[in-house]
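Colleague: This is the structure alone, sequence omitted:
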């Protein structure tokens, strides 16, 4: 089996697991909003959770970017003791560092909230500080998770780290009903911390099976290997921190726009994360070790082929997802509407942010892919510089657009700078390794654009039919800024609307795939060949017989 085929098989398994974890995570958001609504308490929870969440998005990726290339040179039984010593030192130092950070966050939680959310009311600041104090221990567990997942991924063990978020989501859901009735939103915060603790504990068994132990009489003094990793880790962490700083600053800006805006942005972002995390994130996990191997052997042509295939796999999923989510923003937002606590206004606030977030999905995925390619080449400088430039562009864009588009402007600013980041990284990476992609790559991009146009027509026609058959009425809109949503079809709410939405999504996906097959796109043919059972691949069987 080729490395590319093995990559796809591993990716397919991780996609299934990630899909389960993201569905559970999405269900967690639905249940929170249905129990507590989209009010100031929910804003307080999401704002407080923003700190451990940002670390969870930044730290594992930074650790993996340094650790995996290092461990690739230490594989084999002859290097077992070196790997064990490295694990011992990293785990101990990481644990101590994040214990200090955890303690500081718990002690000064009120001061942190007052500094980051000055526009919050006193009651809202007080609740946010309490929730932050409860969730700060999550930071310690996130540090341990980052180290253990890095070692496991280096051994090409991707399943256990992918299952961890499932445990996390289930713990939060359980807390909504077991602790929420007695402790309110504080119960959900305790469930969040417990979820990260369970995630970390779940990785202990696969680490033990991989022969990693804490060693006695092992010096904690950093050796040459750790110092070398540290020199690369700092710029990588800085680059990834800046890349996530958009979302952190976004919540600060949204705090000044009034109640509900932070929660609306968070819910919209959770919808967009479903296709990105399931397909883009799942591909990135096994892709990085493969890119690192090609880079270590200086096989640039092989590395470029993997990059092209990886981008096209994501593109042909995320481009149709972008079109579909924008056109069906209101029906997707209504998925949160299963109780009286989630109002029509909440739906429209979420849909407004969702449409603008969705516009940047391809740029987001491309940015992350090119960043990992640079890290595989041990080029830590380019992603940091590009991220800093993009963030400096984001700040004025966000301030200008939020005045015109309210919280939707913040989402649009994030989408725009994602494309800017991707473009700048592509230019700088090309200077380093030469031309990145061939003509067939760009031809596939064009075919995807054409297929998306056909798919958009299908969505519009079937949505209009659904409205006529169901008798759904347009929802009242929130403010003049979202008048554009009035032109979109409004599917019925509740479970009937969810069924209609699922059917429309399936038809749209079939239309997109059908157009690509008709245009003889190689990437689409390869994807379908891997998903469709072998006995149904008539053309392929005939070709093999010939």
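Modeller: Structure's in. What do you need? Model, not experiment: these values are computed from the prediction.

Colleague: For the rest of this, base every contact and every neighbour count on C-alpha atoms.
Modeller: Will do.

Colleague: what are the ranges of the helices in the stretch 51-200 of the chain?
Modeller: In the stretch 51-200 of the chain, the helices defined using DSSP state H, counting those that start in this stretch lie at 80-107, 109-116, 122-135, 137-154, 159-178, 180-183, 185-202.

Colleague: could I get those helices as CSV with mean neighbour count, distance to residue 244 and mean pLDDT?
Modeller: Listed next are the helices of the stretch 51-200 of the chain as CSV, based on neighbours: other C-alpha atoms under 10 Å; distance: least, C-alpha to C-alpha, whole Å; pLDDT from 0 to 100:
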stretch, mean neighbour count, distance to residue 244, mean pLDDT
helix 80-107, 17, 19, 85
helix 109-116, 17, 16, 90
helix 122-135, 22, 19, 93
helix 137-154, 23, 16, 86
helix 159-178, 21, 19, 88
helix 180-183, 15, 30, 89
helix 185-202, 23, 20, 93
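
Colleague: Would you confirm that residue 246 contacts residue 394?
Modeller: Yes - using C-alpha atoms under 8 Å, residue 246 is in contact with residue 394, at 7.4 Å.

Colleague: Quick check: neighbours shared by the two?
Modeller: Contact criterion C-alpha atoms under 8 Å, 6 or more residues apart in numbering; residues shared by residue 246 and residue 394: residue 414.

Colleague: Can you tell me the element the nearest residue to residue 373 once chain neighbours are set aside falls in?
Modeller: What sits nearest to residue 373 in space, not counting adjacent residues and going by C-alpha to C-alpha, 6 or more residues apart in numbering, is residue 291, at 6.6 Å. Residue 291 is part of helix 282-296 when elements are defined by DSSP states H and E.

Colleague: need the next SSE after that helix, C-terminal direction.
Modeller: Next in sequence after helix 282-296, counting helices and strands by DSSP H and E, comes helix 300-327.

Colleague: List the neighbours of stretch 439-449 that are in contact with it.
Modeller: Around stretch 439-449, the neighbours that count as contacts under C-alpha under 8 Å, 6+ apart are 308, 312, 315-316, 319, 512, 516, 519, 521-523.

Colleague: Can I get the buried part of the residues you listed as one ChimeraX selection?
Modeller: To isolate the buried ones among those in ChimeraX, judged by 16 or more other C-alpha atoms under 10 Å, type:
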select :308,312,315,316,319,512,516,521,523
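
Colleague: Relative to residue 366, which of the contacts of stretch 439-449 is nearest.
Modeller: Using C-alpha to C-alpha, residue 315 comes nearest to residue 366 of the contacts of stretch 439-449, at 8.4 Å.

Colleague: neighbours of the residue lying closest to that closest one once chain neighbours are set aside, just the number please.
Modeller: With sequence-adjacent residues excluded and distances taken as C-alpha to C-alpha, 6+ apart, residue 315 is closest to residue 362, at 6.3 Å. Around residue 362 there are 25 other residues, counting by other C-alpha atoms under 10 Å.

Colleague: for residue 517, same thing?
Modeller: Per other C-alpha under 10 Å, the neighbour tally for residue 517 reads 17.

Colleague: any idea how far residue 441 is from it?
Modeller: Applying C-alpha to C-alpha, to the nearest Å, the value for residue 517 to residue 441 is 16 Å.

Colleague: ditto for residue 255
Modeller: Separation of residue 255 from residue 441 (C-alpha to C-alpha): 42 Å.
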